[in-house]
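Asker: Pasting a predicted model and its sequence here:
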Amino acid sequence: MTTSVKRIDPAALNLKEQVVAINRVTKVVKGGKNLSFSALVVIGDPSAKVVGYGVGKAKEVPSAIRKGIEAAKKGLRHVNVLETTIAHQVLGVFASSQVLLKPAPAGTGVIAGGAVRAVLTACGVPNVLTKSIGRRNPHNVVKATIVALESLRDRNAVAELRGIAVDKL
C-alpha cells in the first residue's frame with residue numbers, strides 16, 4: 001500500500017520532542033571497540049495533530065538526539081483524531097509488534113506504556129486506552145503505533161467511501 005504523504009513544514013509547527021530510547025552500540029574493529037549511540041526520538045505538535053519519529057546515530061548522545069530530531073522532521077504525518085479521543089478502535093502492526101488503540105471517555109487520560117505514550121502525547125490524543133501485543137521493541141512499537149494512527153479515518157472520508165451523507169453514519 002503506497003500512500004502519498006504530503007510533506008508537512010516543520011517550521012510552521014510548535015514541535016515537542018521526546019527521546020524514547022537511547023542505545024549504546026559497539027563496533028569491534030582491529031584496534032578495539034568503537035563506541036556509538038543510537039537515539040529513537042518522537043516529535044509532534046499536539047495542537048496540529050502531527051507526529052513523526054526518527055533515529056539518529058552518533059558518537060555522543062546529544063548529537064544522536066539532534067540527528068534523530070532532524071530525521072523525525074522529515075517524516076511528519078497528520079493524524080485524524082477527535083477533540084477528546086480517537087474515532088474508533090484500531091490495531092497497528094509493524095514486524096512482530098502490535099499496538100491496539102481504543103477510544104476512551106473524557107477524563108481517562110493516556111493509558112499507555114513508554115513508547116506508545118510518547119507517540120500519543122506527541123500527536124495530542126488526550127484520552128485513549130492502549131495495549132501493546134507481541135514484541136515490545138521500542139522501534140517497532142513506535143512504528144506500529146504510527147501505523148495504527150495513520151489507519152484512523154475521519155467521518156467525511158468514511159461517508160465518501162460508502163457513498164452516503166455524513167449525517168447518516
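Answerer: Right, received. Where do you want to start? Numbers count the residues shown, from 1 in each chain.
Asker: Residue 20 is in what secondary structure piece?
Answerer: Using DSSP states H and E, residue 20 falls within strand 16-29.
Asker: How about residues contacting that strand?
Answerer: Strand 16-29 is contacted from outside by 33-46, 53, 57, 61, 64-65, 68-69, 72, 114-115, 118, 121-122, 138-139, 142, using Cβ atoms under 8 Å, 6 or more residues apart in numbering. For glycine as for every other residue, the C-beta is placed from the backbone atoms N, C-alpha and C.
Asker: ok, of those residues, which come out buried?
Answerer: 37-46, 53, 64-65, 68-69, 72, 115, 118, 121-122, 138-139, 142 (16 or more other Cβ atoms under 10 Å).
Asker: Do a quick rundown of the strands in the chain.
Answerer: With DSSP state E, the ranges of strands along the chain come out as 16-29, 32-45, 50-58, 77-78, 90-94, 97-103, 110-111, 128-134.
Asker: In the sheet, which residues pair with residue 38? Tell me.
Answerer: As for beta bridges, residue 38 partners with residue 23, residue 57 under DSSP bridges.
Asker: surely it meets residue 60?
Answerer: No: with contact defined as Cβ atoms under 8 Å, residue 38 does not count as touching residue 60 (11.9 Å).
Asker: Spell out which residues are contacts of both of these two.
Answerer: Shared contacts of residue 38 and residue 60, defined by Cβ under 8 Å, 6+ apart, are not found at any residue.
Asker: Relative to residue 160, which of the strands of the chain is closest?
Answerer: With Cβ to Cβ, the closest approach to residue 160 among the strands of the chain belongs to strand 77-78: 17.4 Å.
Asker: Adjacent strands (with direction) for that closest one?
Answerer: strand 50-58 (antiparallel).
Asker: who's in contact with the partner strand?
Answerer: So strand 50-58 is contacted by 8, 13, 20, 25, 36-44, 63-79, 119, 122-123, 139, 142-143, 146, 149 (Cβ under 8 Å, 6+ apart).
Asker: Nice, that's everything, thank you.
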